[in-house]
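Trainee: Okay, structure incoming, though there's no sequence with it:
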């Protein structure tokens, strides 16, 4: 299959699976009177399972607002963010290892089949504008701040925890919901390579460019 066919397949076969309308509020939302925004690769699986005893998809804040403004105003809204350099590497590793759902695996088979490692992945983004656009549209690579904006484009959320400080920040959430503050781990990668060791100066600057708003809004630096 030619590369142009792959881009077309992404539009016609894959994207439709992530834009099917649905009602985001679940019984667990009503029980806790809370909305958790699960940003990909920010420990959301562990958090949602521990707090709600179920997993939540990667639904943006504005969609909750659109579907029920009254509940949106009343419910406690929270999320966790992650260092963009760490998250970018983690997302690549997760998809390259084909550890997601069937749609993630189908996407990875199309877009990551021609790269063998993270360095090649970054080089391809740097040298192929069309490839970059396709990568940045996939949910695991979408900038974090876009998940947390309301219909007016404002970050409208009660608490933002940090992946890097998850144990301490989770205690705030646990106290809010009067529950245990012990957080089990899920979606833990089999690879333990430190993200700081995989970046070249060029790939480091690439993430700086792609996620400059996340870096500015959430006050991140490469080593934080």
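Mentor: Structure received. Everything numeric in this text was worked out from a predicted model, so none of it was measured.
Trainee: Relative to the whole chain's centre, how far out is the longest helix along the chain?
Mentor: Of all the segments assigned as helix in the chain under DSSP state H, the longest by residue count is helix 84-96. Centroid separation for helix 84-96 versus its chain: 10 Å, with C-alpha atoms, centre = their mean, to the nearest Å.
Trainee: Find me the pLDDT at residue 203, would you?
Mentor: Listed pLDDT for residue 203 reads 97.
Trainee: Mind telling me what element it is part of?
Mentor: helix 201-210 (DSSP states H and E).
Trainee: List the buried residues of the very next helix or strand once past that helix.
Mentor: Next along the chain after helix 201-210, taking DSSP H and E as the criterion, comes helix 212-217. Across helix 212-217, burial judged by 16 or more other C-beta atoms under 10 Å covers 214-215, 217. Quick note: C-beta positions are derived from backbone N, CA and C, even for glycine.
Trainee: hey, where'd the strands end up in the chain?
Mentor: 34-37, 76-81, 159-162 (DSSP state E).
Trainee: Redo these as TSV? Include mean pLDDT and mean neighbour count.
Mentor: Shown next, in TSV, are the strands of the chain (pLDDT from 0 to 100; neighbours: other C-beta atoms under 10 Å):
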stretch	mean pLDDT	mean neighbour count
strand 34-37	97	22
strand 76-81	98	21
strand 159-162	98	17
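Trainee: out of these, nearest to residue 206?
Mentor: Taking C-beta to C-beta, strand 76-81 is the member of those nearest to residue 206, at 19.3 Å.
Trainee: which sections of the protein are below the confidence cut-off?
Mentor: 1-21, 185-192, 224 (pLDDT under 70).
Trainee: where exactly do the helices run in it?
Mentor: Going by DSSP H, the chain shows helices at 3-9, 27-32, 44-52, 61-67, 69-74, 84-96, 102-111, 118-127, 129-137, 166-176, 201-210, 212-217.
Trainee: Please identify the deepest-packed of those helices.
Mentor: Compared across the helices of the chain, helix 84-96 shows the largest average neighbour count, a mean of 22 (mean count of other C-beta atoms under 10 Å).
Trainee: tilt between that one and helix 201-210?
Mentor: Calculated by axes from the mean of the first three to the mean of the last three C-alpha atoms, to 10 degrees, helix 84-96 forms an angle of 100 degrees with helix 201-210.
Trainee: And the contacts of helix 84-96?
Mentor: Residues outside helix 84-96 that contact it (C-beta atoms under 8 Å, 6 or more residues apart in numbering) are 40-42, 82, 100, 104, 107-108, 112, 115, 118, 121, 140-141, 144, 163-164, 187, 189, 191, 195-196, 198-199, 204, 207, 210-211, 214-215, 220, 222.
Trainee: Next one: residue 75 from residue 208, what distance?
Mentor: 35 Å (C-beta to C-beta, to the nearest Å).
Trainee: With residue 140 instead?
Mentor: Residue 140 is 19 Å from residue 208, by C-beta to C-beta.
Trainee: circling back: to residue 176, which of the strands of the chain lies closest?
Mentor: The nearest among the strands of the chain, by C-beta to C-beta, is strand 76-81 at 6.9 Å.
Trainee: Strand partners (parallel or antiparallel) of that closest one?
Mentor: Using DSSP bridges, strand 76-81 pairs in its sheet with strand 34-37 (parallel), strand 159-162 (parallel).
Trainee: To residue 54, which of those strands lies closest?
Mentor: Closest of these to residue 54 is strand 34-37, at 10.4 Å (criterion: C-beta to C-beta).
Trainee: Give me the distance from the closest one to the chain's centre.
Mentor: 14 Å.
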